[in-house]
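Visitor: one predicted model, sequence on top.
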Amino acid sequence: MSAAKLAALIEASERAVVFTGAGISTESGIPDFRSPGGVWSKMKPIMFQDFVASADKRREAWTRAFNGTAGWTGRSPNAGHDAVARLVAAGKVSAVITQNVDNLHQDSGIPDERVIELHGNASYATCLDCGLRHELHHLKPAFVERGEIPACRACGSIVKTATISFGQSMPEGPMARAEEETLSCDLFIVLGSSLVVYPAAGFPLLAKRNGARLVIVNREPTEQDPYADLVLNGEIGPLLSSIVP
């Protein structure tokens, strides 16, 4: 019955937004952040200020990136990602706002311009000064074989994976785009987010206050469940596959 209600809400919607967290990607084998066995239970986050100030911290961060310690890359989209991609292709979903850094929405076929990454992307790197993009497979050999910490090939400055680290400012462009999409939608669907990390977790309530219907799909209850029009606790892939043709 609840799945049928979600299907009806999607059918009635003219402009939906999907908001995804770690829970959609755990079904692809990517660990979440905060639960027992999650990323931060296995290793301490490296603060942005420490990364910039310390060559040793940069070396530690790049070692993690290249040996796959965090486990954020190298997986394939699952049924949940594929169902969201079908909703985007059908014109039902105008944008996917994601807290994830795994690039799986793009890998599922959603165009880059439809994916708004609030916490960046772990599948490539950027220069902190000039912003030039660097592909990880170009940086890896010099680090692994000669121990050279990546530096920008254009300006020589510090290069970092394109994720937003603890202590780093939220990206202004994606935050502005996320707010615009949130205020323009009539249906806001949360998939796999615990909704505890702000400011990102503020978007569902913003949508609700602006008159949109709010749906939350997550394994565990969230603090925002009382405000939702529909709450579903369970696996995302099987649920969406059953209602998205």
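Guide: Done, it's in.
Visitor: OK, contacts around residue 114?
Guide: Taking CB atoms under 8 Å, 6 or more residues apart in numbering as the criterion, residue 114 is in contact with 88, 93-96. Where C-beta positions appear, they are placed from N, C-alpha and C, glycine not excepted.
Visitor: and for residue 200?
Guide: Contact analysis of residue 200 by CB under 8 Å, 6+ apart lists 97, 99, 118-119, 178.
Visitor: now do it, the pLDDT please.
Guide: pLDDT, residue 200: 92.
Visitor: what's the closest non-adjacent residue to residue 196?
Guide: residue 223 (7.2 Å; CB to CB, 6 or more residues apart in numbering).
Visitor: what residue in the chain is the furthest from its centre?
Guide: The centre of the chain is farthest from one residue, residue 146, which by CA atoms, centre = their mean lies 32.3 Å away.
Visitor: nearest the geometric middle of this structure, what residue?
Guide: Taking CA atoms, centre = their mean as the criterion, residue 100 is the residue nearest the geometric centre of the chain, at 1.8 Å.
Visitor: so what's that residue closest to, chain neighbours aside?
Guide: Closest to residue 100 by CB to CB, 6+ apart is residue 25, at 5.5 Å.
Visitor: my guess is that neighbour contacts residue 236. True?
Guide: No. Shown here, residue 25 and residue 236 do not form a contact pair, counting by CB atoms under 8 Å, at 9.5 Å.
Visitor: which residues do those two both contact?
Guide: Between them, residue 25 and residue 236 share the contacting residues residue 192, judged by CB under 8 Å, 6+ apart.
Visitor: show me where the chain has its helices.
Guide: Ranges of helices within the chain are 2-12, 22-25, 39-42, 48-53, 55-67, 79-89, 104-107, 136-146, 172-184, 202-209, 236-243, based on DSSP state H.
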